[in-house]
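In: Okay, structure incoming, though there's no sequence with it:
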Ligand SMILES: [Zn+2]
């Protein structure tokens, strides 16, 4: 069903579970290193391979990072809690249970505010808990990379036991047709909070942050929420948004025909923007949770938690509000900068000496357009904030106009060198030399006698064509306003 029609008939309720791999040097319950991309099965030991008799020890740095995440998300921190065994069979999980947390999460009852479409949406956080990651299976020989149709599977346990924080929202009703955007804004904000805390590299493409997206629909006016599905391991911000949109359309089509939604996990497909059925969703009792007997409880000293709280860095939203005030821009301008990750770039450009309005104009205009054309994030353009600041200075000093500045940016992006080198190599200086400009004007007047006659006869509007001629003859390097003045002067006309 088309998205708009689905939204006319149904209201969505969202929920997000996000896994973040912590960037600790060692694993959660052993001393193995955690370097990404190491040769398979080279970062393993008896503990993370679950050899008989091996005993886990909790990673203090991971506990500290989790508490800091909880504090940044406005959570309460448990004064006493335990790890729990979550029992299930999975070939890339050597223990055949996962050490996780169940009814005693380390952090609980928080929130994260996000901006969507000019308004603030508060996302309530149910819990933040600590667990260990699984290994990674690779299915070889099939067309899809999934286990179905594969000839054989291989498993790499390097990732098994890397500390993983799971952040679970409460159900999010009331987002209405902005549900996809809210889901994306939440994932974006969460990623920025993690970056600000320095607890994870949050690279979604490498799987160090991944989202499970829950969606359910209820008929408009209903009070009881519908059955939800959980789309697993969505690994880009754009996919988070698309998966919500696709799932709303899919569920609406089923419900509209009188069907029912199966509670299940689903897989998102990047190529089509749709989801397909995974497995039917287990209930908590299927996991036979019990307190982990091999680990002592966690009881963080409240004084230490207070210290961690006092030492939190400036959080992304607070920083954005500060920058918005400093730069004097509107909520929507700020949001659009945020949406294309331009804030850091604008800030660095301002720090390099550019006025905020100019820095924003170039990044959000010409450069955003070029990034979009090239299909790359703004930050990957081959130009630096310092270089933009230099171009701004040249425009402010009168050496360039905006048109020439665009050519300078193009040159820098093409790898022709620094802005100064491009100006020199392409000869892009504005013609400030009155003698040179005067000569160009004389030539243009000679070549356009009819237009010149019209202006002399009082039709001042016709001077536009002559200014155009001067700009063309100077290849855009003349100062158009000065050229106009000189033209009128030479034609003996005053306005
Ligand atoms: Zn190990």
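Out: On my side now, so go ahead. What you are looking at is a predicted structure, and each value in this text was computed from that prediction instead of being measured.

In: show me where pLDDT drops low in the stretch 201-350 of the chain?
Out: Applying pLDDT under 70 to the stretch 201-350 of the chain flags the ranges 281-282.

In: Closest approach to the ion from it, which residue is it?
Out: Nearest to the ion, among the residues of the stretch 201-350 of the chain, is residue 294, at 14.4 Å (C-beta to the ion). C-betas here are computed from N, CA, C, even on glycine.

In: ok, that residue - contacts?
Out: Counting by C-beta atoms under 8 Å, 6 or more residues apart in numbering, residue 294 touches 55-56.

In: secondary structure class for it?
Out: Under the three-state scheme (DSSP: H, G, I helix; E, B strand; the rest coil), residue 294 adopts coil.

In: now do residue 239
Out: With three-state DSSP as the criterion, residue 239 reads helix.

In: Please identify the residues of the chain in proximity to the ion?
Out: 30, 32, 45, 47-48 (C-beta under 5 Å from the ion).

In: switch to 6 Å and redo it
Out: 27, 30, 32, 44-45, 47-48, 161 (C-beta under 6 Å from the ion).

In: Tell me which residue lies nearest the centroid of this structure.
Out: residue 188 (4.7 Å; C-alpha atoms, centre = their mean).

In: Okay, it and the ion: tell me how far apart.
Out: For residue 188, the distance to the ion equals 33 Å [C-beta to the ion, to the nearest Å].

In: What subset of the residues of the chain next to the ion is buried?
Out: By neighbour count, with 16 or more other C-beta atoms under 10 Å, the residues of the chain next to the ion hold 27, 30, 32, 44, 47-48, 161 as buried.

In: re earlier: quick check: the residue nearest to the centre of the chain touching residue 238?
Out: No: between residue 188 and residue 238 no contact is recorded; they are 10.4 Å apart, counting by C-beta atoms under 8 Å.

In: how many other residues sit next to residue 302?
Out: 10 (other C-beta atoms under 10 Å).

In: isn't it right up against residue 79?
Out: Yes: in this structure residue 302 lies within contact range of residue 79 using C-beta under 8 Å: 6.7 Å.

In: and the strand or helix carrying residue 20, what other elements does it pack with?
Out: Using DSSP states H and E, residue 20 sits within strand 10-21. Applying 3 or more C-beta pairs under 8 Å, 6 or more residues apart in numbering; DSSP states H and E, we find strand 10-21 packed against strand 163-169, helix 179-197, strand 209-219, helix 237-256.

In: In three-state terms, label residue 138 for me.
Out: With three-state DSSP as the basis, residue 138 sits in strand.

In: what's near enough to touch it?
Out: 145, 153-156.

In: Identify each buried residue in the lengthiest strand in the chain, please.
Out: In terms of residue count, the longest strand belonging to the chain (DSSP state E) is strand 119-132. Using 16+ other C-beta under 10 Å as the test for burial, strand 119-132 gives 121, 123, 125-132.

In: any idea which of the residues you listed is closest to the ion?
Out: Closest approach between those and the ion, by C-beta to the ion: residue 132, at 10.3 Å.

In: The closest one and residue 27 touch, don't they?
Out: Yes: using C-beta under 8 Å, residue 132 is in contact with residue 27, at 7.4 Å.

In: what is in contact with those two at once?
Out: The contact sets of residue 132 and residue 27 overlap at 161-163 (C-beta under 8 Å, 6+ apart).

In: Just the closest of the residues you listed to the ion, please.
Out: Looking across the shared contacts of residue 132 and residue 27 and measuring by C-beta to the ion, the closest to the ion is residue 161, at 5.6 Å.

In: Please identify the helix or strand for residue 230.
Out: Going by DSSP H and E, residue 230 is in strand 229-234.

In: looking just at contacts, which helices and strands does that strand meet?
Out: Packed against strand 229-234 by the contact rule (3+ C-beta pairs under 8 Å, 6+ apart) you find strand 209-219, helix 237-256, strand 264-269, strand 274-280.

In: List the buried residues of that strand.
Out: Buried, per 16+ other C-beta under 10 Å, within strand 229-234: 229-232, 234.

In: Taking strand 10-21 as reference, get the angle to it.
Out: 30 degrees (axes from the mean of the first three to the mean of the last three C-alpha atoms, to 10 degrees).

In: For the residue nearest to residue 120 when sequence neighbours are not counted, list the residues it contacts.
Out: Nearest residue to residue 120, sequence neighbours excluded (C-beta to C-beta, 6 or more residues apart in numbering): residue 113, at 5.3 Å. With contact taken as C-beta under 8 Å, 6+ apart, residue 113 is in contact with 120-123, 189, 317.

In: does residue 113 sit in a helix, a strand or a coil?
Out: Of the three states, residue 113 takes strand according to three-state DSSP.

In: Tell me the pLDDT of it.
Out: We have a pLDDT of 96 for residue 113.

In: same thing with the one 3 residues further on?
Out: Reported pLDDT at residue 116 in the predicted model: 90.

In: try residue 435
Out: pLDDT, residue 435: 80.

In: Compute the distance between residue 294 and residue 11, please.
Out: 46 Å (C-beta to C-beta, to the nearest Å).

In: Also residue 238?
Out: Going from residue 238 to residue 11 by C-beta to C-beta gives 24 Å.

In: Counting neighbours, go ahead and name the busier of these two.
Out: Per other C-beta under 10 Å, whichever of residue 238 and residue 11 has more neighbours is residue 11, with 21 against 12.

In: unless I'm mixing things up, the more buried one is touching residue 220, no?
Out: Yes: if you go by C-beta under 8 Å, residue 11 and residue 220 touch, sitting 5.8 Å apart.

In: re earlier: what lines up beside the strand holding residue 230 in the sheet?
Out: Partners of strand 229-234 in the sheet, by DSSP bridges, are strand 209-219 (antiparallel), strand 264-269 (parallel).

In: for the ones you listed, which one ends up most surrounded?
Out: Highest mean neighbour count among the strands paired with strand 229-234 (mean count of other C-beta atoms under 10 Å): strand 209-219, with a mean of 23.

In: tell me how far that one is from the chain's mean position?
Out: Centroid separation for strand 209-219 versus its chain: 19 Å, with C-alpha atoms, centre = their mean, to the nearest Å.

In: relative orientation of it and strand 274-280 in degrees?
Out: Going by the same axes, to 10 degrees, strand 209-219 makes 90 degrees with strand 274-280.

In: Which positions in stretch 142-161 come out as buried?
Out: For stretch 142-161, burial by neighbour count (16+ other C-beta under 10 Å) applies to 150, 155-161.

In: Who are the contact partners of the residue nearest to residue 287 when sequence neighbours are not counted?
Out: Spatial nearest neighbour of residue 287, excluding adjacent residues (C-beta to C-beta, 6+ apart): residue 86 at 4.7 Å. Residues counted as contacts of residue 86 (C-beta under 8 Å, 6+ apart) are 97-100, 102, 131, 287, 289.
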